[in-house]
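Student: Got a predicted model here, sequence first, then my questions.
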Amino acid sequence: MIGRYTRPEMGRIWSESARWEAALRVEIAVAQAQAKRGEIPAAAAQAIATRAKVDLARIAELESTLDHDTLAFVTAVAESIGAEGRYLHFGLTSSDVVDTALALQLRAASGLILAELDALIGVIIRRAREERDTVMGGRTHSVHAEPMTLGAKLAGWAFEASRDRERLAAAADEAATGKISGPVGTYSQISPQIEREALATLALRADPVSTQIVQRDRHAALVSAIAITGGTLERFATEIRNLQHSEIDELREPFRAGQAGSSAMPQKRNPVKSERIAGFARLLRGYAVVAMENQALWHERDMSHSSAERVILPDATTLLHYALFSMRGIVEGMEVNRAAMRRNLDAGLGLHAASRLLTALVNAGVARESAYATVQRAASTAREQSISLHRVAAETPEIAGRLGADGIDAALDERAAIAHCGLLVDRLKEIDRAS
C-alpha cells in the first residue's frame, strides 16, 4: 500500500524486515522444540536462537541467484549462525515457515484493525448519545419518509460496526493458524509433536490436516470480513456525503483551519474524506474476490496464490486500518446543523405524518383502501399548493369529520413519530456490555 494510506504501526508489520523476522521466529520455535525432543543438538538450538540474524541485503543478493526467497533467507540466516546453522530449517519445507510467519503477521495486523474499530465504535456511541434527541427527517429513496433522530441513525451505525467486529475477530482468530508438517503435510520429516510445541510457543493453532500449505479458506474469510467492514464504512460515508449536499446541509465533515476545498473555488467544503472511504471500499471488495480465487489450488499446492497475497493481504489490512482511523476522525469532528434539520423537516409541509394520519383513519373505522386514497389526495393537495398537511386535513370532510381537530392534532404530532427513538439509543448498552 502506498505511504499516503499507511499508518506507521501497520506499515511496520508488513515491512520486508518484519516478514523475515517473523519467519525467523518460526525457525527458532521449531529448533527449540526439536532440541527438547533430542532431534537436534541443544547447542544448535541455542546457537540458532542467539546468533541468527536477518540480513536483508544478503537475502536479496542470494535471491538474485537462487530465485527462491525462502531458500535465500534460510541460507543467509544459516551463514550468520555458523556451523550449527546446518540444523536450521531441519525437516521443514518453505511453506511451513512462510505460512506460519504469515499467520503471525495477520494476527498482528488484525489486532491493530480491531483496536481501531473499537475506537470508532466508541466514538459513534458517544455521538449517538449526544444526539439522542436531535430530530431530523428520515429518508427512503432520498425522499422524506418520517421523522427520526440523529441519535437513532448513529445507534444503527454502532450496531453494524459491532457486527463487523465480531466477524473480523472470528476470521482473524481462524487465520492465526500455522503448519509445521513438511512437504505435502504428511509429517514425513518432522513429527506432529514438534508442530504442536512450536506453534504453541508462537500461540498459533495447528492446521489439523494441511497440505503443503495452510488452506486459503481462512484467508478468504478474513479478507471477506475486511471487505464487509469496508462496505459498512462506505455506508456511513455515503450518508455523510448525501447530508452534506448544499441543498440539505445537515451534516458536515470536519474542516480544519487552513484546509482548502478546491483549487479554483474558495467557498467549497467538499466531503473528500468520505469520498475517499467510498473509493477504498471498492478496492477492498476486489481484494476479497482475489482471496476467494486463491482457495482453489492444484493438488496439494501451487503458487498462484502467493503473488496475489503479497499484494492483497498487506493492502487490505493496511487500507481498512487507515479507513477506520479516518472514519473515526470524521465522526468525532462531524458538524451537526440542527437548524438545517429543522428547516428541511418543516419544508416538507408535514407530509411525513401521512402514514400516521392513515392509521388514525383506519382506527376510526375507515376501510384502509379508502383511507389510503383520502390521505394520498390530501398529501398531493398539500404538495401542489405548498400548504401544510395539517391545514388540508382540517379542510377535508372525510378526515376532519372522522377525527375532529384533536384527532388530527394527535395524528400529526411529530413527537409521536420519534417517541421510541430514545429506546434505540438506549440499546447501545448491549454493545457496552459485550465490549
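Tutor: That came through fine.

Student: could you pull out the helices for the stretch 101-250 of the chain?
Tutor: For the stretch 101-250 of the chain, the helices defined by DSSP state H, counting those that start in this stretch occupy 150-175, 192-201, 217-243.

Student: Can you list the strands that whatever helix or strand comes next after the longest one pairs with?
Tutor: Toward the C-terminus, helix 217-243 is succeeded by strand 251-252 as the next helix or strand (DSSP states H and E). Strand pairing for strand 251-252, determined by DSSP bridges: strand 335-336 (antiparallel).

Student: contact partners of the strand it pairs with?
Tutor: The set of residues external to strand 335-336 that reach it, using Cβ atoms under 8 Å, 6 or more residues apart in numbering, is 131, 134, 150, 250-255. Yep, even glycine has a C-beta here, placed from its N, CA and C like the rest.

Student: what does stretch 418-435 give?
Tutor: By Cβ under 8 Å, 6+ apart, the residues outside stretch 418-435 that reach it are 118, 121, 125, 128-129, 132-133, 135, 147-149, 151-152, 155-156, 158-159, 162.

Student: and those residues, which are buried?
Tutor: Buried subset of those (neighbour count, 16 or more other Cβ atoms under 10 Å): 121, 125, 128, 132, 135, 147-149, 151-152, 155-156, 158-159, 162.

Student: so which of those residues comes closest to Y372?
Tutor: Of all these, P147 has the smallest distance to Y372: 20.6 Å, by Cβ to Cβ.

Student: so what's the closest one up against?
Tutor: P147 is in contact with 135-138, 345, 352, 414, 417-418, counting by Cβ under 8 Å, 6+ apart.

Student: swap in A394?
Tutor: Here A394 is in contact with 400, 405, 408 (criterion: Cβ under 8 Å, 6+ apart).

Student: rerun at 10 Å
Tutor: Applying Cβ atoms under 10 Å, 6 or more residues apart in numbering to A394 gives the contacts 388, 400, 403-405, 408-409, 412.

Student: Inside helices: which ones of the residues you listed?
Tutor: Among those, DSSP state H puts 400, 403-405, 408-409, 412 in helices.

Student: Any of these buried? List them.
Tutor: Buried among those (16+ other Cβ under 10 Å): 403, 408, 412.

Student: Can you tell me which of those residues lies closest to L243?
Tutor: L412 (25.0 Å).

Student: Can you get me a residue count around the closest residue in space to the closest one that isn't next to it in sequence?
Tutor: Spatial nearest neighbour of L412, chain neighbours left out: A353 (4.3 Å); criterion: Cβ to Cβ, 6 or more residues apart in numbering. Other residues within reach of A353, judged by other Cβ atoms under 10 Å, total 26.
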